[in-house]
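Visitor: Generate a structure from the sequence data that follows.
(one chain, ligands or ions: 1)
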Amino acid sequence: MSFIEVKHVTREFKSFRRPDGLKNALCTLFKRDYDRMKAVDDLSFSIEKGELVGYIGPNGAGKSTTIKMLSGILVPSTGSIVTGDIVPWEQRKKNACNIGVVFGQRSQLNWDLPMEDTFELYRRMYHIGNVAYKRNVDMFVELLEMQSFLRKPVRQLSLGQKMRAELAVALLHDPSILYLDEPTIGLDVVVKDNIRKFVRSLNKEKKTTVILTTHDMADIEEICNRIILIDHGKLMLDQTIVEFKKQGTDHYYVEVTFSSNWKPLAIPGITMTENQPLCHTYLVDAAMVPFNLLLNSIPDSYDVTDLTIKKPEIDEIVRRLYKNTGSGEENGKLLHIK
Ligand SMILES: Nc1ncnc2c1ncn2[C@@H]1O[C@H](COP(=O)(O)OP(=O)(O)OP(=O)(O)O)[C@@H](O)[C@H]1O
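Guide: Numbering: from 1, shown residues only. Have a look, this model is predicted:
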């Protein structure tokens with residue numbers, strides 16, 4: 001049995017259907033109609049201890065609903081979830097000791113307390129032993145570069161400082177699973193980088209299992225080893241990052257810098273995507289124009305001073321998956337990719 005097992009989980013939500021007109025509205029005082037929708041629909045996957053999993057999907061795909069069920073906040077309508085050896089919503093106290101949760105858009109910090117006191121508060125709440133407490137505070141303060149703001153009340157911290165504080169507090173009791181929901185939203189590149197490196201070193205040091213929900217594909221690329229993609233509550237793709245990236249190998253980009261005497265490339269299988277003065281970017285069909293053919297043919301017939309090959313980024317692959325199949329809240333469904 002895997003460390004986390006999600007089996008045929010469905011979560012329905014019921015919402016009140018508001019009728020048009022005053023008369024119909026009055027009728028709802030006696031009889032109400034409801035719409036039912038499946039936020040998560042027959043979802044199954046398993047995760048081993050110590051995995052770093054990116055859990056992605058378009059807006060409204062059902063990611064947060066899944067995280068809420070995994071963390072015991074919501075109960076599935078049908079199906080089963082076991083994390084570690086417990087059912088999260090049945091053994092809430094034990095579950096709370098096993099997990100750390102960071103929601104990028106919601107805070108679990110007391111705004112009047114400085115971080116020094118918040119750490120102490122959590123030490124008492126989770127009955128953390130002195131040795132583990134000191135080791136973790138020292139490690140987190142150093143890796144998350146928190147020293148300069150430990151004594152400031154949380155309300156005076158910047159967004160980036162608050163997010164680092166959230167992470168430290170969520171991990172103080174050494175949980176075996178960390179759920180991260182949009183942990184880098186709104187942060188500058190330096191803090192994002194700090195947080196990503198921190199999560200990776202935490203995983204390396206303590207074997208913490210991480211499930212990360214984000215729309216920032218750089219988070220996924222830099223933190224995760226595996227991607228689970230859902231849409232309309234259903235599993236669409238479950239692959240290692242390496243396998244996932246292979247989907248982008250049918251094409252690549254080439255950035256060509258010309259001398260002042262230039263003409264655009266006219267090679268079958270190559271399409272211009274960006275046109276800057278003396279610098280063009282082309283989308284290349286890899287089957288028609290493999291790297292070596294491109295490298296051999298361009299400099300001979302064109303006055304080129306520089307040439308850079310770029311492979312598709314992970315967010316481009318994701319964008320193509322969402323766009324080509326018309327996904328998103330208002331559109332159709334993603335194709336099922338296996
Ligand atoms: N409490 C609720 N009551 C009714 N519908 C809900 C509730 N929570 C979520 N939903 C619906 O379930 C669907 C999935 O929502 P969810 O928040 O899980 O998506 P998400 O993938 O996290 O989206 P996003 O990326 O936009 O945060 C949406 O259509 C949403 O409107």
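Visitor: pLDDT averaged over the longest helix belonging to the chain, what's the number?
Guide: Longest helix of the chain, by residue count under DSSP state H: helix 189-206. Averaging pLDDT along helix 189-206 yields 95.
Visitor: what angle sits between the helix or strand following that helix and helix 189-206?
Guide: Next in sequence after helix 189-206, counting helices and strands by DSSP states H and E, comes strand 209-213. Going by axes from the mean of the first three to the mean of the last three CA atoms, to 10 degrees, strand 209-213 is angled at 150 degrees with respect to helix 189-206.
Visitor: helices and strands around strand 209-213, which ones?
Guide: If contacts are counted by 3 or more CB pairs under 8 Å, 6 or more residues apart in numbering; DSSP states H and E, strand 209-213 sits against strand 52-56, helix 63-70, strand 177-181, helix 189-206, helix 217-223. Glycine gets a C-beta too; all of them are placed from N, C-alpha and C.
Visitor: for these, which one sits closest to residue 270?
Guide: Ranking those by proximity to residue 270 (CB to CB) places helix 217-223 first, at 25.7 Å.
Visitor: roughly how far out does the closest one sit from the chain middle?
Guide: 8 Å (CA atoms, centre = their mean, to the nearest Å).
Visitor: Now do the following helix or strand past it: which elements does it pack against?
Guide: Of the helices and strands lying after helix 217-223 in sequence (DSSP H and E), the nearest is strand 226-231. Packing partners of strand 226-231 (3+ CB pairs under 8 Å, 6+ apart): strand 34-47, strand 52-56, strand 234-240, helix 241-246.
Visitor: Take the helices and strands packed on strand 209-213 and lay them out in CSV including distance to residue 26 and mean neighbour count.
Guide: As requested, these are exported to CSV (distance: least, CB to CB, whole Å; neighbours: other CB atoms under 10 Å):
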stretch, distance to residue 26, mean neighbour count
strand 52-56, 44, 24
helix 63-70, 33, 23
strand 177-181, 41, 23
helix 189-206, 52, 17
helix 217-223, 50, 20
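Visitor: With distance to the ligand added, can I get those in a markdown table?
Guide: Below are these laid out as a markdown table (distance: least, CB to the nearest ligand atom, whole Å):
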| stretch | distance to the ligand |
| --- | --- |
| strand 52-56 | 9 |
| helix 63-70 | 3 |
| strand 177-181 | 8 |
| helix 189-206 | 18 |
| helix 217-223 | 13 |
